[in-house]
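Enquirer: the following block contains a protein sequence and its predicted model.
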Amino acid sequence: QIEHAANRTQFGSKIHTYGTIQEKIARMIMLQYTTEAMAYMISANMDSGATEFQIEAAISKVFASEAAWKVTDECQILGGMGFMKDCGVERVMRDLRIFRIFEGTNDILRLFVALTGIQVSTNSLAMLQKALKNPIGNFGTIMGEVGKRARRSVGLGSGLTLKGSVHPKLESSGELVAKGVDQFGASVEGLLLKHGKKIVGEWSGVDGEGREEGVSIHASVLVMSRLERRLYGGLREGLRV
């Protein structure tokens, strides 16, 4: 598709010079890079002997299958030729549809990831509830939780930061990821406090964006990890277009 865009002339200019085409190509590259980052991570975990990688595998399957679909959907760059049998893209697009269904449908896997993640917040709230039964003996724990929620209430967040933990060139991106994690955690706690044991039914009714946050945060962290290794010279591979 990139070669076609570089050679196809429309309205007197090569179509790769138009912003809409550049955006499509950039998005395809971004999705491929992120998918590769997920594949590297899950493969490394399996090779190292890890046995608990169900959540990471589910997220990777959801993201990769949908990324492949989105990339193939950009056959529009090829114009009418993209739908011709000789081009081959139309068959890829047809065959890719099943990947979002088998090995666990993406909708169900999203719920699995979300509900598994909720268990962490559930345990945290349970510990806080237990601590409140003995406020004097658990004063430090209680004040820590109170302080965290007080900062969130005035828009300061919980204080989570990645400064000093990532490459200097990635610090601004790291702060965005940390902010996203903080806000996501607050949202999950809010849902738990509001719905309690009914959270399973309520979460399945949350809009697409709400169920997508966990996948997006995971993807962001892995891309940063891959970029950091690249910046520190730990990877020889690079993005080539």
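Expert: That came through fine. Being a predicted model, the structure only gives us computed values, none of them experimental.

Enquirer: show me the shaky parts of the protein.
Expert: 1, 4, 120-159, 196-211, 234-241 (pLDDT under 70).

Enquirer: just the strands from it, written as ranges.
Expert: Ranges of strands in the chain, per DSSP state E, are 9-10, 13-14.

Enquirer: okay, now the sheet partners of the first one, with direction.
Expert: Based on DSSP bridges, the strands next to strand 9-10 in the sheet, each with its direction, are strand 13-14 (antiparallel).

Enquirer: and the partner strand, how far out from the chain middle?
Expert: 35 Å (C-alpha atoms, centre = their mean, to the nearest Å).

Enquirer: for G88, the count of nearby residues, please.
Expert: The number of residues packed near G88 is 11, by other C-beta atoms under 10 Å. C-betas here are computed from N, CA, C, even on glycine.

Enquirer: show me what contacts it?
Expert: Neighbour list for G88: empty [criterion: C-beta atoms under 8 Å, 6 or more residues apart in numbering].

Enquirer: for the remainder of this discussion, apply numbering that starts at 42.
Expert: Understood, numbering begins at 42; the last thing we discussed is G129.

Enquirer: do a quick rundown of the helices in this structure.
Expert: 43-48, 60-88, 95-114, 130-137, 147-173, 180-194, 212-236, 240-244, 249-272 (DSSP state H).

Enquirer: including distance to L217 and mean neighbour count, could the strands of the chain go into a markdown table?
Expert: Shown next, in a markdown table, are these (distance: least, C-beta to C-beta, whole Å; neighbours: other C-beta atoms under 10 Å):
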| stretch | distance to L217 | mean neighbour count |
| --- | --- | --- |
| strand 50-51 | 37 | 10 |
| strand 54-55 | 34 | 12 |
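
Enquirer: ok so, going back, can you tell me which of the helices of the chain is packed in deepest?
Expert: Of all these, helix 95-114 carries the top mean neighbour count, a mean of 19, counting by mean count of other C-beta atoms under 10 Å.

Enquirer: between that one and helix 60-88, how big is the angle?
Expert: 150 degrees (axes from the mean of the first three to the mean of the last three C-alpha atoms, to 10 degrees).

Enquirer: which strands and helices lie in contact with helix 95-114?
Expert: helix 60-88, helix 130-137, helix 147-173, helix 249-272 (3 or more C-beta pairs under 8 Å, 6 or more residues apart in numbering; DSSP states H and E).

Enquirer: output the second one as PDB, nothing but the C-alphas.
Expert: Pointing back at helix 130-137 there. Presented in PDB, the C-alpha positions along helix 130-137 are these (Å, rounded to 0.1, in the frame of the first residue of the first chain):
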ATOM      1  CA  VAL A 130      -6.200  -8.000   0.100                       C
ATOM      2  CA  GLU A 131      -9.900  -8.700  -0.100                       C
ATOM      3  CA  ARG A 132      -9.300 -12.400   0.900                       C
ATOM      4  CA  VAL A 133      -7.100 -11.300   3.800                       C
ATOM      5  CA  MET A 134      -9.900  -9.000   5.000                       C
ATOM      6  CA  ARG A 135     -12.500 -11.700   4.700                       C
ATOM      7  CA  ASP A 136     -10.300 -14.300   6.500                       C
ATOM      8  CA  LEU A 137      -9.300 -11.900   9.300                       C
END
